[in-house]
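A.B. asks: Build me a model:
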Amino acid sequence: MLINIMDGSLIAWAAIGLFLIAIGSEWQSQPTAARRIAAGGWLLFGTFWLTMVPYYYGEVRSPIQTVLALAAFPLSAYVSYLQLTGQASLSLLTRAVAVIGLIYLPAETIPFVRQWLIETTARQTHWGLEVFDYSPGLNDGPNGYESRFNFDPDATVTGRTTYIVMACTGLGSMAIFGGLIAATTAPLKRKVVALIVAVGIIWFLNLTRNVFIVLASPWGWFQYEPLVYVFTTYLGEPASRTSYLVAHTYISQPLSVVALIGITYLVFRILPETASVLEELLYVLTGKEIELQTVLKN
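C.D. replies: Next up, the predicted model:
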């Protein structure tokens, strides 16, 4: 699986490279070339997400991430078609995705950047645990980083603990808003304010989520018999993993989606220009031109 992920990362880098070339072509007043190059980038971008489906389904066991990764391929292919046929330029959306990739991919693919980010998040989460009088300490996790919370298995309910991975850092959500904000033509000062607000909220909510999951797993907050039965009988999971899955996959992930929607609205209030990027996304999803700025202001 690690090999597949690395292959996927190479595809993602190639897609971002094509996006950047397309942006350069647009700046040089070559709109036709920009659309064609961007079309290739979108097709590669969708292929990258397709390679991630087995990982999200088989290892992460996340229904939300699996469905989103599956949906990303046809949507990206459709954007590629729109670019090739000239039906829509979608230049702001392309710009946003390029910036998202430039923020996220180095952390995903450069080992020392990845290690620093994961271990920093682990230390911050441990600080959050100490606020609630838990101090398990940290040791090396399966990923080789000092990111595993060293709860004594004999002193906990489930005998399990957790460790921090890239998805726990919140960088993915931060990258999304970084791309959304950077793609606009708004004044720099308002861009910076919007970015600080978005990143600050995401950091706090992500820290809260990590603390919740780290405590729920060893202390068995959701080890109720009906839930244990469902996870062991229908999903083939060990009974001791129930609390982790409930806390991580079935509580935290849906709440994260709600939080992202709320942060998007807040960013729009600070930076109404983000509506232009979102309108291009809605055009891809609905096939209709929606005046989002008018809708949100009403």
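A.B. asks: Now the helix ranked longest in the chain: buried residues?
C.D. replies: In the chain, with assignment by DSSP state H, the single longest helix is helix 188-219. By neighbour count on 16 or more other CB atoms under 10 Å, the buried set for helix 188-219 is 191, 194-195, 197-199, 201-203, 205-207, 209-219. C-beta here means a position set from N, CA and C on the backbone, and glycine is covered the same way.
A.B. asks: Need the residues that contact the following helix or strand past that helix.
C.D. replies: Using DSSP states H and E, the helix or strand that follows helix 188-219 in sequence is helix 225-233. Residues outside helix 225-233 that contact it (CB atoms under 8 Å, 6 or more residues apart in numbering): 237-239, 241-242, 245-246.
A.B. asks: low pLDDT regions in the stretch 151-298 of the chain?
C.D. replies: Residues of the stretch 151-298 of the chain meeting the criterion pLDDT under 70: 293-298.
A.B. asks: Give the full set of residues in contact with Glu119.
C.D. replies: 145-147, 164.
A.B. asks: same deal with Leu18?
C.D. replies: The contact partners of Leu18, by CB under 8 Å, 6+ apart, come to 37-38, 40-41, 44.
A.B. asks: so the residue nearest the centre of the chain, which of the three states?
C.D. replies: In the chain, the centroid-proximal residue (CA atoms, centre = their mean) is Gly172; its distance is 3.5 Å. Classification of Gly172 by DSSP: H, G, I helix; E, B strand; the rest coil places it in helix.
A.B. asks: can you give me the helices for the protein?
C.D. replies: Here the chain has its helices, by DSSP H, at 2-27, 31-54, 63-85, 91-109, 111-131, 171-182, 188-219, 225-233, 242-245, 253-270, 274-286, 292-297.
A.B. asks: Check what contacts stretch 85-100 and list those residues.
C.D. replies: Under CB under 8 Å, 6+ apart, the answer for stretch 85-100 is 16, 19-20, 22-23, 26, 31-32, 34-35, 38, 41-42, 45, 79, 82-83, 175-176, 178-180, 182-184, 276-277, 280-281, 283-284.
A.B. asks: quick one: the residue lying closest to Leu281 once chain neighbours are set aside and Val258, what's the gap?
C.D. replies: Of all residues not flanking Leu281 in the chain, Leu93 sits nearest, at 5.9 Å (CB to CB, 6 or more residues apart in numbering). The gap separating Leu93 from Val258 is 23 Å, by CB to CB, to the nearest Å.
A.B. asks: Please consider this matter closed, and thank you.
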